Every structure is written in structure tokens, then in C-alpha cells.
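K.L.:
Provided below for reference: sequence and predicted model.
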Amino acid sequence: MDWEADLKRAICEGDEIKAGEIVEQALQEGAKALELLEGGAVAGIYEAGHLWKAGEFFLPDIILATEAYKEAMKGIEPRLANEERAYKGKVLIGTVEGDAHDIGKNIVIAMLRCSSYEVIDLGIDVPMQEFLDRTGAIQPDVLGVGAYMSTTLPKMEELVRSMESSDLGRKPRIIVGGAAVTSDYAEKLGAAGYATNAAETVELVDRLMGSR
Ligand code: B12
């Protein structure tokens, strides 16, 4: 059985029930959660995104694919978490205001958590003031900000500028990501780091924690 290919197909086709069943069966038969995540669940969402771009998929298809992805993650995510908890650092993360995309952010969170980071998720469509207030209260080592559309990118810049001028005590290192962000943009913002995927994000946070 090629679990990863089957899961990728079920997600892309928006078959929520099948996606959940494949994950349960694959895990029972010894498949690795991380491989199901990368080769199956994420691959399925990327494929749906390509088909949307090519004009073969419409918004309802993407919504169904997203639902199937979430169903698969219910089985995958708990198995990714490693049980030992000696945290390497604290990460606060959220999606900028006006932006409801969170699949990528949630993968980043899952990978950081299984790499022994304590992660506090602010969710989607997070107003700037909430980012500031929660940063002040939680004092994270790293603040992750995601933006997934060109239309919500300006919110990221506003947030970084407000962080610079606010009085939050110990300031977190700000890392940015999401499909709308490029390394040039991150550099222009003056962010401490940028990563294109979840594994790179873990490496980036490890590096930043090492230099604190
Ligand atoms: C799934 C999806 C949706 C789902 C979102 C479900 C959800 N819960 O997230 C739904 C259907 C709700 C949706 C809605 C819309 N969407 Co949409 N969506 C997508 C789609 C197909 C895939 C996004 C995705 O999940 N990719 C897979 C993940 C794994 O990749 P990722 O997000 O890039 O994340 C990785 C990295 O970027 C990085 N990363 C992610 N976050 C972070 C954070 C940090 C700090 C770091 C360091 C790294 C990092 O690691 C991740 C893992 O590898 C994209 C197409 C695309 N090619 O991206 C469009 C896309 C983003 N959407 C788009 C649009 C236009 C919309 C809508 C406006 C459509 C509409 N007409 O209503 C709405 C907007 C809703 C809103 N207010 O936000 C456009 C944006 C265009 C633009 N202006 O830039 C895109 C690009 C499609 C397109 N080609 O037109 N969408």
C-alpha cells in the first residue's frame, strides 16, 4: 500500500472520510506520522493549490481539500508530538489580520512542537494589538508571523514597525513566512529570519535560540 500517495489523492479530491481512514490504517500498520504529513497531507494541499492556479479547481474544491487535510491532521498531529518536554524555547505565532490561511502555520507549529519548542498559537486574522499585547504578556523568545496573500503583507510590515517602537520589555526575534513572503521582503522588513517551510523554520529557530 502506498499510504502517502493514497492520502495525497484523498486530500486533493476533498474526501474527508477516506483521508481520516487512510491515516488511521497507515499508522496502525506502522507508517511514520512525519512521512504521512509531508508525503501525503501537505502534498495533497500543494496539488490542490496547483490545480487551482491552473484553473482546474475552484474555491469549493479547495475548501473540501482543506477539510480533508484537517481530518487527516487529527490523526497525524498527536503522533508527531514527542512526549519528553524539556522545552528549548518559547515561540508565539499567528497569521496577520485579514488573513485566514493557517494550514502552513499549523504545519510549522506541529514541527516546532515535535522539536521540543513550547508554541502558543494566536490563530488566524490576528489584530496587531493582540500580537503586541500577547507578546508583552508571554515574553516569547521568537515571534512567528505568517502572511499568505499579497493583500495582507502590509499588515506584516505594520506589525514589525510597531514592535520596534513599542515598549515590550525583552523583545522577541521576529521570524516571518507564508506563501506571500520572500526572503527579500523579510530582509527589507528587518526580520530576524525567514523560512520557506516547516523544517527550515525549525533550523532557523534553533539558530536564533543559539545566538540569544
Ligand atoms: C488552502 C487555501 C485556502 C483555504 C485556506 C484554509 C486554511 N485553513 O488555511 C481557503 C479556501 C479558506 C482559502 C481562502 C481564500 N484564499 Co486561499 N489559498 C489556499 C491555497 C490553495 C493553499 C495554501 C496552503 O495551505 N498551502 C500549503 C501550505 C503548506 O503552504 P504555505 O502556506 O506556504 O506554508 C508553508 C511555508 O510558507 C512556511 N510557513 C507558513 N507559515 C509560516 C510562518 C512562519 C513564521 C514561517 C517562518 C514559515 C511559515 O511553512 C509552511 C509549511 O511548509 C493557496 C494557493 C497557494 N499556492 O498557496 C491559496 C491562496 C493563498 N488563496 C488566495 C486567495 C485569493 C484566497 C481568497 C481571497 C479566495 C476568495 N476569493 O475568497 C480567500 C481569502 C480568505 C482570507 N481572508 O484569508 C490566493 C492569494 C493571492 C494573493 N493575493 O496573494 C492564493 C495564492 C491562491 C491563488 N493563486 O490565487 N484559501
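P.N.:
Sure thing, it's come through. Numbers count the residues shown, from 1 in each chain.
K.L.:
rest of the way, CA atoms for contacts and neighbours
P.N.:
OK.
K.L.:
Write out the residues of this structure neighbouring the ligand.
P.N.:
The chain comes close to the ligand at residues 42, 45-46, 49, 53, 59, 62-63, 66, 98-105, 107-108, 144-146, 148-151, 175-180, 194-198, 201, as judged by CA under 6 Å from any ligand atom.
K.L.:
Just the buried residues of those.
P.N.:
42, 45, 49, 62, 66, 98-99, 101-102, 104-105, 107-108, 144-146, 148-149, 175-178, 194-195, 198, 201 (16 or more other CA atoms under 10 Å).
K.L.:
show me the biggest helix of the protein in terms of residues.
P.N.:
Longest helix of the chain, by residue count under DSSP state H: helix 59-80.
K.L.:
Buried residues, it. List them.
P.N.:
61-62, 64-73, 75-77, 80.
K.L.:
low-confidence ranges in this protein?
P.N.:
The model of the chain has pLDDT under 70 over residues 81-86, 114, 211-212.
K.L.:
Tell me the secondary structure at the residue most central in space within it.
P.N.:
Centroid-nearest residue in the chain: Lys105, 1.6 Å away (criterion: CA atoms, centre = their mean). Secondary structure, DSSP: H, G, I helix; E, B strand; the rest coil: Lys105 is helix.
K.L.:
got a list of what the spatially closest residue to it that is not a sequence neighbour touches?
P.N.:
Distance criterion CA to CA, 6 or more residues apart in numbering; nearest residue to Lys105, sequence neighbours excluded, is Gly146 at 6.8 Å. Taking CA atoms under 8 Å, 6 or more residues apart in numbering, we find Gly146 in contact with Ile93, Gly94, Thr95, Val96, Lys105, Met156, Val176, Gly177, Gly178.
K.L.:
check contacts around the first one.
P.N.:
So the one you mean is Ile93. Contacts of Ile93 (CA under 8 Å, 6+ apart): Val119, Ile120, Asp121, Leu122, Gly123, Leu143, Gly144, Val145, Gly146.
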